[in-house]
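Peer 1: Build me a structure from this.
(3 chains)
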Amino acid sequence: MKKLFQKLAKDYYWRANNFGKKLVRAEESTPKSVKLIGLVTIFVATAIGLAWYLKGKNVAVFQPTGTIGEQQLRIIYIALILSAIVVIPVFIMAISFYVNFREDNKKSTYKPNWDHSKSIETVWWALPIVLIGVLSVITWNSSHQLDPFKSIASAESTLKIQVVSLDWKWLFIYPEQKVATVNYAYIPVNTPVDFQITSDAPMNSFWIPQLGSQVYAMSGMVTHLNSEATSEGVFTGSAANITGEGFAGMNFKINVVGSSAFSDWVESAKSSPFALDWDSYQKLAMPSKNVPDTTMTLADGSVFDLAVMKYMNPGLQLESFNSTSGGTY
Amino acid sequence: MFGRLTVEAFKHDFVAMGGALTMVLVAFGIVAALTYYKKWGWLWREWLTTTDHKKIGKMYLYASIVMLLKGVADAGMLRAQQALASGAGNGYLSSEHFQQIFSAHGTTMIFFVAMGLMFALINFVLPLQIGARDVAFPFMNAVSFWLFVAGALLVNTSLVIGEFGAAGWLAYPPLSELAYSPGPGIDYWLWSIQIAGIGSLLSGINFTTTILKLRAKGMTMMKMPVFVWSVLGSMLLVIATFPILTATLLMLSLDRLAGMHFFTSAFGGDPMMYINLIWAWGHPEVYILILPAFGIFSEVVATFSRKRLFGYTSMVWAIGVITVLSFTVWLHHFFTMGAGGNVNAVFGIMTMIISVPTGVKVFNWLFTMYKGRISRMTPMLWFMGFLLSFTIGGVTGVLMAVPAIDFQVHNSLFLVAHFHNMVIGGVVFGYFCGLIYWFPKVFGYKLNEKLGRYAYWFWILGFFFAFAPLYVLGIMGATRRLDHYDASMGWQQLFIVAAGGVGLILVGVLLQVLQVVVSIVNRRKNLDKTGDAWGGRTLEWSIPSPAPIYNFAVLPVVKSRDDFWRMKEEGTTVKPKYEDILVPKNSGKSFVIGAAAFMFAFGLIWHMWWLACLTAVVAIVVLTVRLSDDETEYVITAKEVERIEKSRRPHAA
Amino acid sequence: MQHKIHDAQKNSLGFWIYLMSDCMLFATLFAAFAVLRNNTFGDVSLGSLVNGGYVLTQTILLLFSSYTASVAVSNIVTGSLKKVIFWLSATMALGISFLVMEINEFTQLVHEGHGWQANAAMSSFFTLVGTHGLHIAVGLIWAGTLVWLANRRGLAKVENKLKLFSMYWHFLDVVWICIFTVVYLRGLMS
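Peer 2: Take a look at the predicted model:
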């Protein structure tokens, strides 16, 4: 064992001369260029492999089916291209400097005391500032355009859906259609939807990746997620913030259908034997895991309001609840 | 008598029992070994009571390595569960246990690995780089360390007695409130970081004073090594933000212990305030960790390129700008709270602005390499690994700084991949780089290069395979912290790759352990006899390795940046004139305070009020006695200094 | 001796830095109070529970104790141990009276059903004011120790410690003025 250790140490034994002189390596292992090429090959191969692997898979953020998600994807591309303007030169410089100025390359110039250059330094303070300037404009505009609280302009009237995060399931209430569901929802295609979100449990986050954007669900507050699906299909939504033991099972399906199919669904839902009122709501709100899809009629239109108001300062309730902002933050 | 501590606290399921047994066995093994080799006295005299910054640094290092092993093991368990728990498969962990593990993983890695390694490095290097004989307050330094240990021990105790928090590493309320988490887990979390955090705050005060007051004659601010600048920036952030953490944790613990309503859902509490406050600390915390890593790279790149650091002034300004800006971006952690377009846009833009000084630093490092003579040893390898992964992390960071994009990737695995890119690729790689670089200064011999290289490649590849799949999973819609997912999502294969990546990292860690063992066995071959192991530029390389107890027999007088390099070039040899040196005495009181803090927290966690009161009184009394003591130093005579110096520097005689 | 002067500078800088960090701690508690002060969840407002005269008395006691503390420090140069101890004891007496009044106020609030568990506003009130009170208690222990040390070891040995103590005590005074304004006066006026 000891011999092995000694051998290992010998293989890579460095001798330092006194102060400041160059270090001399006793033995050279695999040439650097081979290692470098090997490394680059691995990375390129992995990237190609990954692209091939993802063909036919559901890459939600890159395959949006909602107007918001589509715009977000465009901004992602712009930001990536802007970043590349800095990142690619950095990568090239890093690797070429590392190769060119290795200590055994005696052909390269060596300027040990060259330690500043006003012009060069100005460039790299200025270049990122310009890029960030451009990106800031995009950020400012997109933050307003894609603010989830902002309603989406459309010829169709907006569908309101109230969403409550419970331990551990999502309750969807259709106040105008007088139906309610658990862990699934139907929405009509090409129609703006205003999800009004709250929580009667720990803070959660309501996210349907392919439609775009997520917003926190908080007790005593109402947040808004405005969305519009552009194609029919079944899309997965998730609870993006931990709310305790059963939160992993809190995903749900959003079924995007044509408008007549949506009305049909509402009609069939109305025939459900279950009714949602404040009593049955409180039973539903008890912790339960992996809850199957459920359909109910809405017997009491004030369930959502009551679920919000129970956390609110009784003295302040009315004025806060009437504001549309949802909360102070 | 035992509060709410009952036999139930010792009952665990099968997997958790494994963790508990490991902890108990390790503790038992250490005690048995110390007793068998009769090392208790030695341990007390040489280590537990020490006030020497170099020894305290070593203890930080050992404690952090133990916690690193635990943290990596946690990571392995998490990814193993996720690789298995698709569809019908439920994995081997219960949801509750899985959630405890990721909470413990984050807490351990940030507070007890990253912070620990950072303080180890600062303790090793800072006084030596500024030509000081110790830190400003050596006893307080020891107190900081023992508070750190008390916190770390609390995390480990939770494996055996009771449970750990299951609400994530920042335990957002209302989930972390009594209503949803009544058990002792959150309390373990709270008090372990509360106590370690107070230790960090004391360290911040200590090192700031050290930098401002104990620099060698002639070392003006603009002649300080960049590492010292980076530590100054980092410690100023500690002073400004750790009190926010202390106050925030205090409020949450009062909610839990005294039935207050700071962050409860009802009774007027405001959970969103907690999220604001915790990130007002939490975002600067990231910079507290990364700034010293930047400093380390600045030293290493200059040394191994055999060239002066390029753009010193830019570097210093960049550190300053980052320090200030890091206060103005906390809201980007929760754009999705719905603050509105204006607020989100302002915080998004502030966040992007930070990438400017960071980019400047990257360019400066690159141009330090340019026209240099790069010696490609392991510290330089870690730098290259850092540069590439940190740049990728920077790009994904800028993406998430745009609120419109953040709404799509927040709380997804994309976010998880991003911050690991920064914290592993930036902070951890930086600290490894620094540890290898300064290892000979601290221990007197170099680490084995070959094993170091193997470890590096396993780390880099493991890192790539562990986190590249997470970026992809994130954009596929996978959220973080899932202990189970539908098979129809098609995520399992990528999770398996990620788990494999963690496996590679684990091999890297084990190779590092082997590297240390081999280096210890072969230390005679790799002795650093000159004190200048790498052809260094700064003052720490002008003294013997390992540094003698008083660091500098003769206090240096500094004339330029890279002052040791100047001395070597000018061939300065001064005939030393030795003097009596005052050295801080050992003291067991810091250890007692740490022990009392541990018991205090344990008492509060289990509602044993008598224990909490008793230990609080003990801590206050011990502290008062210590602060009343004026005889805290002893003298090493000039003759003794001369004898030590002659034996340590045969070549200089 | 050079060494000792150096020590004094080092200690006072370190202590200043500590006070700045303590400032941040209080700032956080003030921020929490500012956010939560109206969140009474239907209970009476904080302003209606405040007794202006009572708090003014507390304020005067504390301000006066700051004065006595500085007289104690200024007496170091005279070298009169007795005077220093007298003024330090006066500081302690005033501090204790302040603390007793505060505890009395707290007990009364709890008795009337306005304890820290009542609502978020009360929680933040008790925590902010209580944290200041805790600091005062620590200061009292410190002052007591200084009196004892001065008696045993003489003035020279406690000179620097005494200066640090007085810095601490003035700092607590400043914090109290903020509490008085933000918590009590604003409460009274609203």
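Peer 1: from the stretch 251-400 of chain B, which residue is nearest to chain C?
Peer 2: Per CB to the nearest CB, the residue of the stretch 251-400 of chain B with the smallest distance to chain C is B:G268, at 3.0 Å. C-beta here means a position set from N, CA and C on the backbone, and glycine is covered the same way.
Peer 1: before we move on, what about chain A?
Peer 2: Taking CB to the nearest CB, chain A has A:P314 as its residue nearest chain C, at 3.7 Å.
Peer 1: Can you report how many residues lie near the residue of chain C found nearest chain A?
Peer 2: Nearest to chain A in chain C, going by CB to the nearest CB, is C:G42, at a distance of 3.7 Å. Residues lying near C:G42 (other CB atoms under 10 Å in any protein chain shown) number 13.
Peer 1: Could you do the one 5 residues further on as well?
Peer 2: Neighbouring residues of C:G47 were enumerated by other CB under 10 Å; the total is 15.
Peer 1: what's it in contact with, if anything?
Peer 2: Contacts for C:G47 (CB atoms under 8 Å, 6 or more residues apart in numbering or on different chains) come out as C:R186, C:G187, C:L188, C:M189, C:S190.
Peer 1: how about the nearest residue to it, chain neighbours excluded?
Peer 2: Ranked by CB to CB, 6 or more residues apart in numbering or on different chains and with sequence neighbours excluded, the top spatial neighbour of C:G47 is C:G187, at 3.8 Å.
Peer 1: Same question for C:L19.
Peer 2: Spatially, and ignoring its direct neighbours in sequence, C:L19 is nearest to C:F171 (5.2 Å; CB to CB, 6+ apart).
Peer 1: Let me see the contact set for residue 185.
Peer 2: I'll assume chain A. A:A185 is in contact with A:I161, A:F172, A:F252, A:K253, A:I254, A:N255, counting by CB under 8 Å, 6+ apart.
Peer 1: Get me the contact residues on the stretch 51-200 of chain A for chain C.
Peer 2: In this structure, the stretch 51-200 of chain A does not approach chain C anywhere, judged by CB under 8 Å from any CB of the partner chain.
Peer 1: B:G57: what's its closest spatial neighbour, skipping adjacent residues?
Peer 2: Across the structure, with CB to CB, 6+ apart as the measure, the residue nearest B:G57 apart from its sequence neighbours is B:N123 (3.2 Å).
Peer 1: Surely the one you found and B:M59 touch.
Peer 2: No: contact status for B:N123 versus B:M59: not in contact, 9.0 Å apart, counting by CB atoms under 8 Å.
Peer 1: These two: which is more packed in?
Peer 2: More crowded of B:N123 and B:M59, by other CB under 10 Å: B:N123, with 28 against 21.
Peer 1: who touches the more buried one in this structure?
Peer 2: By CB under 8 Å, 6+ apart, the contact list for B:N123 reads B:H53, B:K54, B:I56, B:G57, B:Y60, B:V135, B:N141.
Peer 1: which stretches of the stretch 1-150 of chain A form strands?
Peer 2: Chain-ordered strands for the stretch 1-150 of chain A, with DSSP state E, counting those that start in this stretch as the definition, fall at A:14-15, A:24-25.
Peer 1: that older thread, for the residue of chain A closest to chain C, which residues are in contact?
Peer 2: Going by CB under 8 Å, 6+ apart, A:P314 touches C:F41, C:G42.
Peer 1: Tell me the secondary structure of it, please.
Peer 2: Secondary structure for A:P314, judged by DSSP: H, G, I helix; E, B strand; the rest coil, is coil.
Peer 1: Ok, C:T40 next?
Peer 2: In the three-state summary, C:T40 is assigned as coil, counting by three-state DSSP.
Peer 1: which stretches of chain A have low pLDDT?
Peer 2: Applying pLDDT under 70 to chain A flags residues A:1-33, A:35, A:313, A:315-329.
Peer 1: one more time with 50
Peer 2: Within chain A, the stretches falling below the threshold (pLDDT under 50) are A:1, A:4-5, A:7-28, A:317-329.
Peer 1: Could you pull up the contacting residues of the residue of the stretch 251-400 of chain B closest to chain C?
Peer 2: Contact criterion CB under 8 Å, 6+ apart gives A:N313, B:H261, C:L36, C:N39, C:T40, C:F41, C:N119, C:A120, C:A121 as the residues in contact with B:G268.
Peer 1: Export those residues as JSON lines, with columns for distance to B:F495 and neighbour count.
Peer 2: What follows is the contacts of B:G268, written out as JSON lines (distance: CB to CB, whole Å; neighbours: other CB atoms under 10 Å in any protein chain shown):
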{"residue": "A:N313", "distance to B:F495": "44", "neighbour count": "21"}
{"residue": "B:H261", "distance to B:F495": "40", "neighbour count": "27"}
{"residue": "C:L36", "distance to B:F495": "42", "neighbour count": "27"}
{"residue": "C:N39", "distance to B:F495": "43", "neighbour count": "23"}
{"residue": "C:T40", "distance to B:F495": "49", "neighbour count": "23"}
{"residue": "C:F41", "distance to B:F495": "45", "neighbour count": "21"}
{"residue": "C:N119", "distance to B:F495": "45", "neighbour count": "27"}
{"residue": "C:A120", "distance to B:F495": "42", "neighbour count": "30"}
{"residue": "C:A121", "distance to B:F495": "47", "neighbour count": "27"}
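Peer 1: Looking at these, which is nearest B:G426?
Peer 2: Proximity to B:G426 was ranked across those by CB to CB; first place goes to C:L36, at 36.8 Å.
Peer 1: So for the closest one, what's the pLDDT?
Peer 2: In this model, C:L36 is scored at 94, pLDDT.
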